[in-house]
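Participant: sequence isn't available, so here's the structure alone:
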């Protein structure tokens, strides 16, 4: 495998790893955004979301590459202008902060629900590990994603082989039928994609900026989007086969894997934790860069302060945070998504008007 192929796989894996966080890997956000509407309607929504993922990731990285953005602050300034860019940066920061609290809460839920260990213990372990990885910055994030994402894909294929083809994967229960009456399912693919666009900026902007060439970015964004769509669909069908009783679990995918035996269950818990962790450190990385681009503060102090602030919010609980914050952040992210769609690509010789 040549150097370019490795770079493409790294970009795709980092894109997948950044999106597949607590809500995605656990199955909770998939259930909240898609599976509650039934097998067919949820599957159609996932197809739309997959196309949006392929387009969003690629355009975001290409824009970042051409304007040589250091952080999402420069990208938002380019999209919105200097005045409204400040509001967009604040909006992105709020979303990153809230999602990071959800990630942290998700680690506590894994320890509590699946391992029988204290909720707070899981969060403290995650804070310590995050702080250690963040000493390596972007290289640490790339290394973690390159390890965890292939394992997540392996389990997705395992679930596909076992679950797809069984009865009930395309069922729509009476309870799911009732959820269709409010017509939220029509905008769910866009709010889900917008939510992810808002917080993948933190990693994908510097990744695109530092990529060697645009061809690598395009293929990395394409395969990253395809991988995300595949994982979304398989997880959705698996959860749908267990509706509506599985809706009571905070980590529904772990309950599905539990049927594979204790060994696979423990391994999958490690993978879920790894995916939550990749999104957690990605968000902390983005927030740290944003704060340090505004204030001349020691990096390690900013990282620690950010983690401790998210720890306080995480006390609200995983499902509670995800149920209320994710849809809200999705609607907020649509504003960012619209501006990304409308903005024309700058020329390859475009010179940025700011300096760091």
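Facilitator: The structure has been received and is ready for your questions. Small disclaimer: the values here were computed from a predicted structure and weren't measured. Numbers count the residues shown, from 1 in each chain.
Participant: contacts, neighbours, all on C-alpha from now
Facilitator: Will do.
Participant: find the helix or strand that residue 334 is a member of.
Facilitator: helix 318-342 (DSSP states H and E).
Participant: scratch that, residue 60 is what I was asking about
Facilitator: Assigned by DSSP H and E, residue 60 belongs to helix 39-67.
Participant: that helix vs helix 318-342, what angle?
Facilitator: 60 degrees (axes from the mean of the first three to the mean of the last three C-alpha atoms, to 10 degrees).
Participant: which strands or helices does helix 39-67 pack on?
Facilitator: With contacts defined as 3 or more C-alpha pairs under 8 Å, 6 or more residues apart in numbering; DSSP states H and E, the packing partners of helix 39-67 are helix 72-109, helix 188-210, helix 214-240.
Participant: single out the most deeply packed of those.
Facilitator: Of those, the one with the most neighbours on average (mean count of other C-alpha atoms under 10 Å) is helix 188-210, at a mean of 25.
Participant: make TSV out of the helices and strands packed on helix 39-67 and add mean pLDDT.
Facilitator: TSV is the format used below for the helices and strands packed on helix 39-67 (pLDDT from 0 to 100):
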stretch	mean pLDDT
helix 72-109	81
helix 188-210	82
helix 214-240	90
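Participant: select, out of those helices, the one closest to residue 306.
Facilitator: helix 72-109 (8.3 Å; C-alpha to C-alpha).
Participant: helix or strand right after the closest one?
Facilitator: Assignment by DSSP H and E places the next element after helix 72-109 at helix 119-133.
Participant: re earlier: and the helix holding residue 334, how far out from the chain middle?
Facilitator: Mean C-alpha position of helix 318-342 versus that of the full chain (C-alpha atoms, centre = their mean, to the nearest Å) differs by 12 Å.
Participant: possible to save the helices and strands packed on helix 39-67 as a markdown table with distance to residue 152?
Facilitator: Listed next are the helices and strands packed on helix 39-67 as a markdown table, based on distance: least, C-alpha to C-alpha, whole Å:
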| stretch | distance to residue 152 |
| --- | --- |
| helix 72-109 | 16 |
| helix 188-210 | 18 |
| helix 214-240 | 9 |
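Participant: out of those helices, nearest to residue 295?
Facilitator: So among the helices and strands packed on helix 39-67, helix 72-109 is nearest, using C-alpha to C-alpha, at 13.2 Å.
Participant: the nearest residue to residue 56 once chain neighbours are set aside: what's it in contact with?
Facilitator: Sequence neighbours aside, residue 197 is the residue nearest to residue 56 in space, at 7.0 Å (criterion: C-alpha to C-alpha, 6 or more residues apart in numbering). Residue 197 sits next to 56, 57, 333, 336, 337 when contact means C-alpha atoms under 8 Å, 6 or more residues apart in numbering.
Participant: looking at it, the fourth one is touching residue 198, isn't it?
Facilitator: Translated: residue 336. Yes - at 7.2 Å, residue 336 counts as touching residue 198 under the criterion of C-alpha atoms under 8 Å.
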